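A.B. asks: Sequence plus predicted model, see below.
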Amino acid sequence: MARRGKRYIALKEMVERGKLYSPKEAISLVKKLANAKFNESIDVAIRLGVDPRHADQQVRGTALLPHGTGKEKRVLVFAQGEKADEAKAAGADYVGGLELIEKIQNEGWLDFDVTIATPDMMRHVSRLGKILGPRGLMPSPKTGTVTNDVGTAVKEIKSGRIEFKVDRYGIIHAPIGRASFSEDQLYENFQALLSAIVKAKPAAAKGQYIRSIAVSPTMGPSVKVDPNVAQRELTVE
């Protein structure tokens with residue numbers, strides 16, 4: 001633990017205290033901070049001016065990252081008949097109906113990252129609410145995971161579509177790639193995520209919506225981004 005502490009302190013000294021960086025500056029610095037012996041994830045934390053305790057201030061949606069996250073997602077689709085065939089053709093890892101629901105219920109099987117369901121399957125899938133819900137795996141129309149267009153949903157998730165949801169502290173945490181990504185790839189993914197979050201702003205949210213932004217590698221300190229600059233660049237791009 002002591003060694004890790006020294007490493008972290010050394011990395012922390014590379015970040016100017018109190019400075020708000022532009023998105024490109026922050027990403028460039030974070031790539032330098034990601035010097036662990038593995039391909040670290042690059043993550044973003046965005047604090048919003050909302051009160052998640054109120055239903056009309058919940059922020060949830062999806063963002064299609066043009067360069068993906070660097071992690072292969074295992075997709076489970078609850079569908080039958082032609083829709084099951086469509087899901088398989090699109091590259092879903094697991095496709096089925098009641099047999100998969102029972103496997104999750106009886107065996108605790110959870111070897112998947114995203115769950116999609118056709119609307120007609122939801123009356124059965126709803127039985128899994130207490131299992132999938134706390135893990136963020138429950139299909140939802142808000143995130144496009146309850147749909148008849150399962151082929152498109154599978155392809156988008158496989159190519160880089162991610163879900164985001166504000167936590168109880170008003171913060172959204174999401175990955176934008178890996179340390180091995182180029183600065184341009186990370187920046188374009190960052191732009192796509194921030195744009196989706198801005199578009200998801202609830203009507204009930206008052207005052208400043210994007211309060212703060214921080215970018216960080218898995219094993220390193222965070223770098224604060226100027227939220228005003230970040231939003232200005234959205235309108236320029």
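C.D. replies: The structure has been received and is ready for your questions.

A.B. asks: domain parsing for this structure?
C.D. replies: Split into domains by automatic domain parsing, the chain comes to 17-69+161-236, 75-158.

A.B. asks: Make TSV out of the ones you listed and add mean pLDDT, distance to Ile9 and mean neighbour count.
C.D. replies: C-beta: built from backbone N, CA, C; applies to glycine. Below are the domains of the chain laid out as TSV (pLDDT from 0 to 100; distance: least, CB to CB, whole Å; neighbours: other CB atoms under 10 Å):
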stretch	mean pLDDT	distance to Ile9	mean neighbour count
domain 17-69+161-236	94	9	18
domain 75-158	95	33	17
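
A.B. asks: which helices and strands does the longest helix along the chain pack with?
C.D. replies: Ranked by residue count and defined by DSSP state H, the top helix of the chain is helix 183-199. Counting contacts by 3 or more CB pairs under 8 Å, 6 or more residues apart in numbering; DSSP states H and E, helix 183-199 is packed against helix 23-33, strand 41-48, strand 60-64, strand 161-165, strand 171-178, strand 210-217, helix 227-236.

A.B. asks: Please convert those to a markdown table, extending it with distance to Met121.
C.D. replies: Conversion of the helices and strands packed on helix 183-199 to a markdown table gives the following (distance: least, CB to CB, whole Å):
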| stretch | distance to Met121 |
| --- | --- |
| helix 23-33 | 40 |
| strand 41-48 | 32 |
| strand 60-64 | 20 |
| strand 161-165 | 19 |
| strand 171-178 | 27 |
| strand 210-217 | 37 |
| helix 227-236 | 37 |
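
A.B. asks: And the ones you listed: which comes nearest Gly108?
C.D. replies: strand 161-165 (22.6 Å; CB to CB).

A.B. asks: Run through who's touching that closest one.
C.D. replies: Strand 161-165 has contacts (CB atoms under 8 Å, 6 or more residues apart in numbering) with 58-65, 69, 114, 136, 143-145, 172, 174-175, 193, 196-197.

A.B. asks: Pull up the pairing partners for it, direction included.
C.D. replies: Paired strands of strand 161-165, with direction, are strand 60-64 (antiparallel) (DSSP bridges).
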